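S.K.: got a sequence here, can you model it:
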Amino acid sequence: MPSKTPLTPPLSHDKDLPLLDVLYQQIQASDGFLPFDVLMQHALYHDVHGYYQQGHVFGASGDFITAPDMGPWLALAFADLIHHGWQHMGSPPKWGLLEQGGGRGRLLSQVVRLLGEHFKQSPTHIFAVEKSALWRAEQAKHYQQAGISVIGLASLDALSIDVPLLIFSNELPDAFPVRCFVWQQGQCFERAIIVDGTGTLGWGIADVPFMPAPTVDNSIMQAWPEGYISEYNTGLAAWQRQLGELLTSNGGMAFTLDYGYSQSEYYRPSRIEGTLMGHKGHQVMHDVLTHIGEADMTAHVDFTALARIGMAHGLTAIAYMTQGGWLASSPLVQTALQEVAATPNAQNMRLIAHAKRLMLPHAGMGESFKLLIQSPADVVLPDPLQAMNRLERLRIEG
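M.R.: Here you go, the predicted model:
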């Protein structure tokens, strides 16, 4: 372990403690060397001081904009996808729809409305799972105003259901806490949080190899240069266990949309500082130890790891594709684009600009965001969706 800096005497566990005092307390309890996922958990989800307990997170006045802020496009594509999932389940008269980590709740309400408008189909059970008490309350207000009945839950473990279930999320696992490491002398060593000589938070490196090592293919690790820094997601296993238990018991599918890569792309040798970053005021922060609790923390998703963990819990990876390819394959999206383009006023031009940002690669989000479809049963995808499937890129079998 690194040399330790003397800390202040132990503090009480009062919830009203400032977040940094909570973290100093955690560092002391961890012998002066705090795994980063613990810090990230507190920074984002502390029940008083966590970032997601604040009301200024989303939108133009917040720190970042998500796809539901950019028009109906994502909701249209999810409505298509969910309708197909419902048909695949045998068009059951009773079924559940669940969104996890839905922010303000606008995406879920849009999807439910679109299912009714375009398919004359509505779930009999609607759930919204959200960790933050603040955002659960905001969602409840929104759903009431939208006229839909939604059961709000703090976690998947609180869900009890005995009907087939379709689960979707947008930008969820990128906010799961990660652990950090550095590659030295052919091995991984943990990078964790210490208090430096000035009493501020800094990075320390363990003096023994990471055990167990991050689950990255050995052929990938051996190509890393000395000093290579990255991270891996410690929250995927518990989440996939929960999804696996729900879907293998009741039947259904999970649709996960987030920014990320296959494992070979995520850990490519030139990505020498990983993907961990912060967001504040629509600006990227590369130093995540500044503005703790006041800025978002995030890391891209290793979709190969996600799919492999899902398989261990009974979920087969059915499809993996770019957001741009998925939106392009959606009949509802394509019809809406044609209708908007037919009336070229200022509002519709803005909608088209948003659609391009969501669909196009490089400067847009079409390539960086990926969709993963999982199910405990074999699924036959519609031809347009199957044409976009790039599942082989994940190399799930290693």
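S.K.: all strands of the stretch 251-398 of the chain, in order?
M.R.: 252-261, 277-280, 283-285, 296-298, 301-302, 316-322, 369-375 (DSSP state E, counting those that start in this stretch).
S.K.: roughly how far apart are residue 360 and residue 368?
M.R.: 11 Å (CB to CB, to the nearest Å). Any C-beta I mention is one placed from the backbone N, CA and C, and that applies to glycine too.
S.K.: more neighbours: which of these two?
M.R.: residue 368 (16 against 13; other CB atoms under 10 Å).
S.K.: wait, that one sits on residue 259?
M.R.: Yes - between residue 368 and residue 259 there is a contact under CB atoms under 8 Å: 4.8 Å.
S.K.: export the strands of the stretch 251-398 of the chain to TSV and append columns for mean neighbour count, distance to residue 44 and mean pLDDT.
M.R.: Shown next, in TSV, are the strands of the stretch 251-398 of the chain (neighbours: other CB atoms under 10 Å; distance: least, CB to CB, whole Å; pLDDT from 0 to 100):
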stretch	mean neighbour count	distance to residue 44	mean pLDDT
strand 252-261	24	15	97
strand 277-280	18	11	85
strand 283-285	12	14	80
strand 296-298	24	6	91
strand 301-302	28	16	98
strand 316-322	20	26	97
strand 369-375	25	20	97
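S.K.: out of those strands, which gets nearest to residue 30?
M.R.: Nearest of the strands of the stretch 251-398 of the chain to residue 30, taken as CB to CB: strand 296-298 at 18.6 Å.
S.K.: what is that closest one packed up against?
M.R.: Counting by 3 or more CB pairs under 8 Å, 6 or more residues apart in numbering; DSSP states H and E, the packing neighbours recorded for strand 296-298 are helix 36-45, strand 277-280.
S.K.: work out the gap between the shortest one and the centre of the chain.
M.R.: Spelled out, it's strand 277-280. 15 Å (CA atoms, centre = their mean, to the nearest Å).
S.K.: could you do stretch 146-154 as well?
M.R.: 21 Å.
S.K.: start and end of that stretch, how far apart?
M.R.: Distance across stretch 146-154, first residue to last, is 21 Å (CA to CA, to the nearest Å).
S.K.: and if you look at stretch 276-295?
M.R.: Its first and final residues considered, stretch 276-295 spans 13 Å by CA to CA.
S.K.: hmm, who's touching that stretch?
M.R.: Residues outside stretch 276-295 that contact it (CB atoms under 8 Å, 6 or more residues apart in numbering): 19-20, 23, 39, 42-43, 46, 49-51, 54, 63-65, 178, 180, 193, 201-203, 231, 273, 296-299.
S.K.: how about the contacts made by residue 101?
M.R.: Contacts of residue 101 by CB under 8 Å, 6+ apart are 129-131, 169-172, 175.
S.K.: report pLDDT for it.
M.R.: The model reports residue 101 with a pLDDT of 93.
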